[in-house]
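*Asks:* Structural data only, the sequence is not supplied:
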């Protein structure tokens, strides 16, 4: 029997990338999943490949109506909702001076508002059985990073919302945790050699691959993590373990 046998999960942004890997891993562990995204053709194809254990639902995470429809569909088709993974997100490059108002709002709406709307829509249904909410944040939600002003602000917000929601929902058996990866190789950045220099001073001198992140998401979705809530789970290759500048300037011995 799988670690998620009989559980029902809704994963935003699951047409490709880490979200797609998560729904595939969930089904392999016995769960039923709602694949959701704005990429309808790609997402529907993923759901078809997963067979009777999956359905596809269009989901723009900035739309409260879309969230309510997706949660209702999960409950209507599979009878309940045990797991919510707020995975959908966008990046945004710019400093506090160069980021425009519209750029900041775009990042905020997907990365911060989308997580809030997802938790708010799922909580009433999840109260019936308890469950796990997993918010995908970032190492940028733990430290400041140059040139990622809006993105960092949104990921710090996810971290704070996670802790507050854990306090609000714990009495109903709903756990809420955040996951904080550093750079993960995806189709968007794997061909960009400039990204490699960012990781040259950390203990594990490379970006993560998706298969190194998803097992943690499966753990948090499972009953194995039943005492974990309001916590940050960091997978960053040691990026936040120390001061990179100090490491670079340390004398040789």
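*Replies:* Sure, I can see it. Since this is a predicted model, take the numbers as computed values, not measurements.

*Asks:* what about the strands in the stretch 1-150 of the chain?
*Replies:* With strands called from DSSP state E, counting those that start in this stretch, the stretch 1-150 of the chain shows them at 8-11, 32-37, 54-58, 83-86, 131-136.

*Asks:* Need those in a markdown table (columns: distance to residue 106, mean pLDDT and mean neighbour count).
*Replies:* C-beta coordinates here come from the backbone N, C-alpha and C atoms, glycine included. As requested, the strands of the stretch 1-150 of the chain are exported to a markdown table (distance: least, CB to CB, whole Å; pLDDT from 0 to 100; neighbours: other CB atoms under 10 Å):
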| stretch | distance to residue 106 | mean pLDDT | mean neighbour count |
| --- | --- | --- | --- |
| strand 8-11 | 22 | 98 | 29 |
| strand 32-37 | 17 | 98 | 29 |
| strand 54-58 | 20 | 98 | 21 |
| strand 83-86 | 17 | 98 | 30 |
| strand 131-136 | 18 | 98 | 26 |
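
*Asks:* Go through the ones you listed and name the closest to residue 160.
*Replies:* strand 131-136 (10.4 Å; CB to CB).

*Asks:* in its sheet, what does the closest one sit against?
*Replies:* Its sheet considered, strand 131-136 pairs with strand 83-86 (parallel), strand 174-181 (parallel) by DSSP bridges.

*Asks:* Report the contact partners of residue 232.
*Replies:* Contacts for residue 232 were tallied using CB atoms under 8 Å, 6 or more residues apart in numbering; they are 137, 141, 142, 159, 162, 177, 178, 179, 180.

*Asks:* can you redo the strands of the stretch 1-150 of the chain as a markdown table with distance to residue 101?
*Replies:* What follows is the strands of the stretch 1-150 of the chain, written out as a markdown table (distance: least, CB to CB, whole Å):
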| stretch | distance to residue 101 |
| --- | --- |
| strand 8-11 | 31 |
| strand 32-37 | 27 |
| strand 54-58 | 28 |
| strand 83-86 | 24 |
| strand 131-136 | 25 |
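
*Asks:* Could you measure from residue 175 over to residue 88?
*Replies:* 20 Å (CB to CB, to the nearest Å).

*Asks:* Isn't residue 64 up against residue 118?
*Replies:* No - between residue 64 and residue 118 there is no contact under CB atoms under 8 Å: 9.8 Å.

*Asks:* the more surrounded of the two?
*Replies:* Here residue 64 and residue 118 are set side by side on neighbour count (other CB atoms under 10 Å), and the busier one is residue 118, at 27 against 15.

*Asks:* The residue positioned nearest the centre of the chain - nearest residue in space that isn't next to it in sequence?
*Replies:* Among the residues of the chain, the one closest to the centroid is residue 136, at 2.4 Å (CA atoms, centre = their mean). Nearest non-adjacent residue to residue 136, counting by CB to CB, 6 or more residues apart in numbering: residue 87, 4.8 Å away.

*Asks:* Now do the helices in the stretch 151-253 of the chain.
*Replies:* 210-221, 244-249 (DSSP state H, counting those that start in this stretch).

*Asks:* least reliable of these going by mean pLDDT?
*Replies:* Per-segment mean pLDDT for the helices of the stretch 151-253 of the chain reaches its minimum on helix 244-249, at a mean of 50.
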